[in-house]
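Q: Let's see this in three dimensions:
(2 chains)
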Amino acid sequence: MIHALTLILACQLAGELVTRLFGLPVPGPVFGMALLFALMLGSGRLAARVTPTGEGILRHLSLLFVPAGVGVVGHLAALGAHGIGLALALVLSTVLALAIGAAVFVGVSKLIGKDASDA
Amino acid sequence: MHDFADIWSYLTETPLIWLTATLIAYLIGDRIAEAADRAPLANPVLIAVVLLAGLLWLTDTSYTQYFEGAQFVHFLLGPATVALAIPLWQQRHAVRQTLLPIMAALVAGSATAVLSALAIGHAMGLTPELMATLAPKSTTAPVALGISERLGGSPTLAAVLVILTGIIGAIVVTPLMNALRIRDWRARGFAVGVAAHGIGTARAFQVNKQAGAFAGIGMALNAMLTALLAPWALAVFDPTG
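A: Residues are numbered from 1 along each chain as shown, chains lettered A, B, ... in the order given. Model prediction:
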């Protein structure tokens, strides 16, 4: 478990270093994710080792949002002043993104499926 | 026998009390969600946030003071983002088999989320700071925090918008997909992972295992794409840029 945790933290640290060093727009942990993915592809042994600990962290992903979410108390004024605009933007864009994302997925799979059956 | 006020003032100076309160609030939220048969509105994060916000108000505690304790939970968002490589790796064969639909739906869903949110925000006259905060709202919290910070938005408000987006996505996904007659679990899961990150993914896992796995892929891939897309999209709507 300590090995896995060290590896995950080391990937995050490497991500922070690389993104800051080269001024990349990508947050450090995202680069760390890509790095860990590459390492897992490279070594099945490493992948098997890191999986239980990583899954343990991901199992309680919702919990990790709570402290930041409580930050809403400091933003009630901004939310009140622009509440309708923000609410509209959040609801409509989420519905649109869901509908378009799923429709494109189905559409492209069908397109490929047809191509495959024609061939 | 010590005065309760003395004990309280001692406790509030250690991280222990608010760290414990955060975990208890989440457990209560999770229990209520379970009792409500995981109805989308009974979201454990939402319940925990409401409970804790009420508790802070009752005890006259500042967010800074609360965060002294809660930061230990908050810190794990970074490692959790790194750990998203795991579902991606586990689903690598499924990803390879459905690479084209995945890539097309990723770009379409991610671009729609960012651009439509900014277009509506722009039309509603949101401030540049709020626009920068809104841009990354469909991606997972640690990523959105990082992006909005780099774009000049507010990281804590970004977290709130991310969570609200996740809750909205988790509530609407099932009725919306049924109304659109989209029955492919891969498509339904992937779309909710892209549009509503971890909260949407958690919801997808409750409905269908395959949908959950594809939601995880969508969330992980969108974390990378939004980081590239958001700065560019924001520049499109920036009146000064």
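Q: For the lowest-mean-pLDDT helix or strand in chain A, which outside residues touch it?
A: Comparing helices and strands within chain A by mean pLDDT, DSSP states H and E singles out helix A:76-81 as the least confident, with a mean of 79. Contacts of helix A:76-81 with the rest of the structure, by C-beta atoms under 8 Å, 6 or more residues apart in numbering or on different chains, involve A:72, A:86, B:130, B:154, B:157, B:160. Backbone N, C-alpha and C define where each C-beta goes, glycine included.
Q: May I ask which of those residues has the most neighbours?
A: For the contacts of helix A:76-81, neighbours were counted using other C-beta atoms under 10 Å in any protein chain shown, and residue B:160 has the most, 27 neighbours in all.
Q: In contact with that one, which residues?
A: With C-beta under 8 Å, 6+ apart, residue B:160 has these contacts: A:68, A:69, A:71, A:72, A:75, A:79.
Q: could you redo the last one with a cut-off of 7 Å?
A: Residues in contact with residue B:160, defined by C-beta atoms under 7 Å, 6 or more residues apart in numbering or on different chains, are A:69, A:71, A:72, A:75.
Q: And chain B, what are its domain boundaries?
A: Following automatic domain parsing, one gets these domains for chain B: B:4-75, B:82-237.
Q: Same question for chain A.
A: According to automatic domain parsing, the ranges for chain A are A:1-71, A:84-119.
Q: tell me the mean pLDDT for the first one?
A: Summarised as a single mean, pLDDT over domain A:1-71 is 90.
Q: ok, is that domain in contact with chain B or not?
A: Yes: remark: domain A:1-71 sits within contact range of chain B at A:8-9, A:11-12, A:25-27, A:29-30, A:32-34, A:36-37, A:40-41, A:47, A:50-51, A:54-55, A:57-58, A:61-71, by C-beta under 7 Å from any C-beta of the partner chain.
Q: Any chance of a ChimeraX selection covering the buried ones in those residues?
A: Buried residues among these (16 or more other C-beta atoms under 10 Å in any protein chain shown), as a ChimeraX selection:
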select /A:8,11,12,25,26,27,29,30,32,33,34,36,37,40,47,50,51,54,57,58,61,62,63,64,65,66,67,68,69,70,71
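Q: How about the top helix by length along chain A, which residues are buried there?
A: Of all the elements of type helix in chain A, the one with the most residues (DSSP state H) is helix A:83-118. Going by neighbour count (16+ other C-beta under 10 Å), the buried part of helix A:83-118 is A:85-86, A:89-91, A:93-106, A:108-109.
Q: Also stretch B:181-189?
A: With the criterion 16+ other C-beta under 10 Å, stretch B:181-189 contains buried residues B:182, B:184, B:185, B:186, B:187, B:188, B:189.
Q: Point out where chain B drops to low pLDDT.
A: Under the criterion pLDDT under 70, the flagged ranges of chain B are B:1, B:239-241.
Q: Distance of residue A:56 relative to residue A:92?
A: Noted for residue A:56: a distance of 36 Å to residue A:92, by C-beta to C-beta, to the nearest Å.
Q: Repeat that for residue B:131.
A: Taking C-beta to C-beta as the measure, residue B:131 and residue A:92 are separated by 15 Å.
Q: got the buried residues for the longest helix anywhere in chain B?
A: Selection of the longest helix in chain B by residue count, based on DSSP H, yields helix B:209-237. Buried positions in helix B:209-237, judged by neighbour count with 16+ other C-beta under 10 Å: B:210-227, B:229-231, B:233-234, B:237.
Q: Centroid-nearest residue for chain A?
A: Centre of chain A computed as the mean C-alpha position; nearest residue by C-alpha atoms, centre = their mean is residue A:30, 7.5 Å away.
Q: That one sits in which helix or strand?
A: Secondary structure from DSSP states H and E places residue A:30 in helix A:28-42.
Q: Just the CA coordinates for that helix, please, in CSV.
A: What follows is helix A:28-42 as a C-alpha-only set of coordinates in CSV (Å, rounded to 0.1, in the frame of the first residue of the first chain):
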residue,chain,number,x,y,z
GLY,A,28,-0.1,18.8,-12.5
PRO,A,29,-2.3,15.9,-11.4
VAL,A,30,-3.7,15.5,-14.9
PHE,A,31,-0.2,15.1,-16.2
GLY,A,32,0.4,12.7,-13.3
MET,A,33,-2.6,10.6,-14.5
ALA,A,34,-1.2,10.4,-18.0
LEU,A,35,2.2,9.4,-16.6
LEU,A,36,0.7,6.7,-14.3
PHE,A,37,-1.3,5.4,-17.3
ALA,A,38,1.9,5.2,-19.4
LEU,A,39,3.7,3.4,-16.6
MET,A,40,0.8,0.9,-16.1
LEU,A,41,0.9,0.2,-19.9
GLY,A,42,4.6,-0.4,-19.6
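Q: one step back: keep only those of the contacts of helix A:76-81 that are in strands.
A: Applying DSSP state E to the contacts of helix A:76-81, no entry is found in strands.
Q: Quick check: of those, which lies closest to residue B:27?
A: residue A:72 (20.2 Å; C-beta to C-beta).
Q: so who does the closest one touch?
A: Taking C-beta under 7 Å, 6+ apart, we find residue A:72 in contact with B:49, B:53, B:160.
Q: what about the strands in chain B?
A: Under DSSP E, chain B gives no strands.
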